[in-house]
Each structure stands twice: as structure tokens, then as C-alpha cells.
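Q: sequence and predicted structure below; questions after.
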Amino acid sequence: MAFTDDDVSVDKSWLEEILRGFKNSAVDCVGGKILPSWEATPPSWLADNWQLESYRAVLALLDLGNLPRELLLEEARIGLFPWGANVAFRRSVFERFGLFNTRLGHVGKMPVGGEECDLVLRIREGGGIVLYWPAAVVHHRIPRARMKRSYFRRRYFADGIRRGMLAGDDERSHPLGIPVWSLRRAAREAGRWMERGARGDRKSAFMHQLMACHWLGRAWLARQKPKPRADHGKSDETLSVACTGPVEPGRKSESVL
């Protein structure tokens with residue numbers, strides 16, 4: 001089963017290359033390059049830094065070079081994994097590793113995605129093989145609205161919610177209902193943001209600002225009413241592993257095979 005998005009254009013040989021990636025019967029998941037298709041010239045702060053992993057994750061981009069290779073578990077844990085704009089799974093994956101986590105995904109106004117990242121992590125945790133296949137190329141349209149710092153802040157806030165869901169933050173009790181630990185982390189990042197800004201290091205200051213938004217997202221989630229964990233075939237141990245890249249709001253992956 002192959003997935004892409006409705007704001008993506010695929011190369012003519014995309015499906016053929018996806019199938020070539022599965023030529024080895026041991027491969028469970030194939031993901032390819034996701035390159036940007038800018039709607040307009042990006043601002044300098046983004047044009048100069050979009051290839052940083054922390055920025056590419058916000059825009060759901062992936063480019064790990066031109067050589068096919070297996071993605072390691074350690075890489076998946078830090079956010080190097082196929083995104084829903086260009087990923088395919090063997091049908092047997094859903095029997096062996098479970099279905100998509102229904103607590104994730106864009107439900108109602110909750111801007112939380114990452115269900116495909118969660119599944120990729122489960123595959124690697126379970127000993128499955130995830131293959132990066134660079135010849136399977138798609139181009140992801142990046143509109144002007146996603147070239148703003150405010151968009152990046154929203155995505156990091158939403159990622160904090162998602163990470164918190166995977167870690168079970170909304171299922172724990174907190175003294176007086178206040179998640180002190182996450183607020184403390186947010187305050188620490190805010191302090192670093194101010195300090196780097198005062199030194200004129202705008203790039204580093206912005207990254208700390210984004211991390212402050214991330215921890216505020218986790219704090220927001222922890223304040224919500226506890227919800228039962230969805231049964232999607234994964235263990236509590238795997239739930240503690242969180243993928244790091246924010247997922248853009250309002251997007252749903254679309255199966256094409």
C-alpha cells in the first residue's frame with residue numbers, strides 16, 4: 001500500500017520505483033525523496049536553513065542522498081523516517097505490527113498527525129526493515145503560509161501534543177492539575193531563546209523558541225482530561241518512543257495502491 005498527499009506531484013516513475021524498492025522480499029516499508037516545490041521564493045531565514053532536519057520535518061521533506069539504504073532504529077528515533085507524502089508498506093505490516101494509531105491523525109480541530117511515523121517506529125522496534133529509496137521522488141508544494149515563523153511555532157506546539165500522546169502525558173495525574181515538569185522545560189527553552197536573541201544569534205534563538213512551543217504543547221495536553229489508550233497493536237514500551245518531526249495540519253495521507 002503506497003501513500004501520498006493531495007498537495008504532492010510525483011515523478012513519472014514513482015510507482016515503478018516504489019515497487020523496485022520492494023524487490024527484496026525482506027523489506028517492510030519503502031520511503032523516497034520528498035523535495036520542496038516552493039510557491040514563492042522563501043524568506044532568507046528559511047532559504048538558508050530548510051535543509052536542517054528540524055526545518056525539513058516541519059515541511060515534511062526528506063532527502064538523505066542518492067544511495068538506497070536501510071534506515072536504522074536510532075535514525076527513526078531522532079526523526080529520520082519516511083513521511084506520509086511518500087511512503088509504502090507491505091500489506092503484511094499491518095498484521096505483524098498493528099494498524100495506524102487512531103489517537104494520532106487530524107481529527108476535528110486537533111492538529112496532531114504522525115500516524116505514519118509511529119508505524120515506521122513500530123516496524124523498526126519490531127525488527128522490520130525500512131528502506132530509503134531515493135529514486136522514488138515526489139515534490140511537496142510549500143505555500144506561502146508555511147514559510148512563516150508562526151507556522152513553525154504552531155507545528156512545534158502540535159508536535160508537543162503528539163509526543164505527549166505517545167508518552168502517555170494525558171493519562172497521568174499531576175499535582176493540582178499542573179504539569180510542572182513540562183512547564184519547567186518550556187521556561188528553560190524560553191530563557192535560552194532570550195539569551196541567544198540578546199547575543200544576536202537569531203538562528204539558535206528561533207530553535208529554542210520552537211522548543212519552548214513544543215514543551216508548551218506537552219503541557220497543554222497534560223492538562224486535558226485523561227483518555228483511554230487506543231488499541232492499535234503496539235506495546236506500552238513502544239508508545240514511549242516518540243518521533244520528533246512536526247506534521248503539517250489538515251493533511252491526510254491518501255492510499256494510491
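A: Received, thanks. Keep in mind that this is a model prediction, so the values were computed, not measured.
Q: going forward, measure contacts between C-alpha atoms and count neighbours the same way
A: Fine.
Q: can you list the low-confidence ranges for the stretch 51-200 of the chain?
A: 107-111, 168-178 (pLDDT under 70).
Q: that one: strands as residue ranges?
A: 69-70, 87-89, 129-142 (DSSP state E, counting those that start in this stretch).
Q: by contact count, what packs against the last one?
A: The one in question is strand 129-142. Under the contact criterion of 3 or more C-alpha pairs under 8 Å, 6 or more residues apart in numbering; DSSP states H and E, strand 129-142 touches strand 8-10, helix 14-21, strand 27-38, strand 69-70, helix 115-125.
Q: and of the ones you listed, who's closest to Pro143?
A: Closest approach to Pro143 among the helices and strands packed on strand 129-142 (C-alpha to C-alpha): strand 27-38, 6.5 Å.
Q: how far off centre is the helix or strand that that closest one is followed by?
A: Using DSSP states H and E, the helix or strand that follows strand 27-38 towards the C-terminus is helix 44-47. Relative to the centre of its chain, helix 44-47 is centred 21 Å away, using C-alpha atoms, centre = their mean, to the nearest Å.
Q: max-length helix in the protein?
A: Counting by DSSP state H, the longest helix found in the chain is helix 202-222.
Q: now do it: distance to the chain's middle.
A: 15 Å.
Q: can you list the buried residues in it?
A: 205-222 (16 or more other C-alpha atoms under 10 Å).
Q: could you check how far the closest residue to Gly197 other than its chain neighbours is from Ala198?
A: Setting aside the residues directly before and after it, Gly197 is nearest to Ala205 in space (C-alpha to C-alpha, 6 or more residues apart in numbering), at 5.3 Å. To Ala198, Ala205 is 9 Å away according to C-alpha to C-alpha, to the nearest Å.
Q: okay, now the domains of this protein?
A: 2-147, 149-222 (automatic domain parsing).
Q: and for Ala76, the neighbour number?
A: 23 (other C-alpha atoms under 10 Å).
Q: for it, which non-adjacent residue is closest in space?
A: Of all residues not flanking Ala76 in the chain, Leu121 sits nearest, at 6.2 Å (C-alpha to C-alpha, 6+ apart).
Q: what about that neighbour, how many residues close to it?
A: Leu121, neighbours per other C-alpha under 10 Å, totals 28.
Q: would you mind confirming that it is in contact with Leu73?
A: Yes: with contact defined as C-alpha atoms under 8 Å, Leu121 and Leu73 form a contacting pair (7.4 Å).
Q: picking that back up, which helices and strands sit right next to the longest helix of the chain?
A: Partner elements for helix 202-222 (3+ C-alpha pairs under 8 Å, 6+ apart): helix 149-167, helix 180-198.
Q: so Cys29 makes contact with Ile129?
A: Yes: in this structure, Cys29 is within contact of Ile129 by C-alpha under 8 Å, at 6.6 Å.
Q: which one's more surrounded, these two?
A: Cys29 (29 against 19).
Q: next, the contact list for that one, please.
A: 22, 87-90, 120, 129-131 (C-alpha atoms under 8 Å, 6 or more residues apart in numbering).
Q: now, the most widely separated pair of these?
A: Phe22 and Val120 (15.5 Å).
Q: that older thread, which of the contacts of Cys29 are buried, as a ChimeraX select command?
A: In ChimeraX, this line selects whichever of the contacts of Cys29 come out buried by 16+ other C-alpha under 10 Å:
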select :22,87,88,89,120,129,130,131
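Q: how about Trp50: what's its closest non-neighbour residue?
A: Closest to Trp50 by C-alpha to C-alpha, 6+ apart is Arg56, at 5.8 Å.
Q: pull the number of nearby residues for that neighbour.
A: Neighbour number of Arg56 under other C-alpha under 10 Å is 19.
Q: these two touch, right, it and Ala47?
A: No: between Arg56 and Ala47 there is no contact under C-alpha under 8 Å: 11.3 Å.
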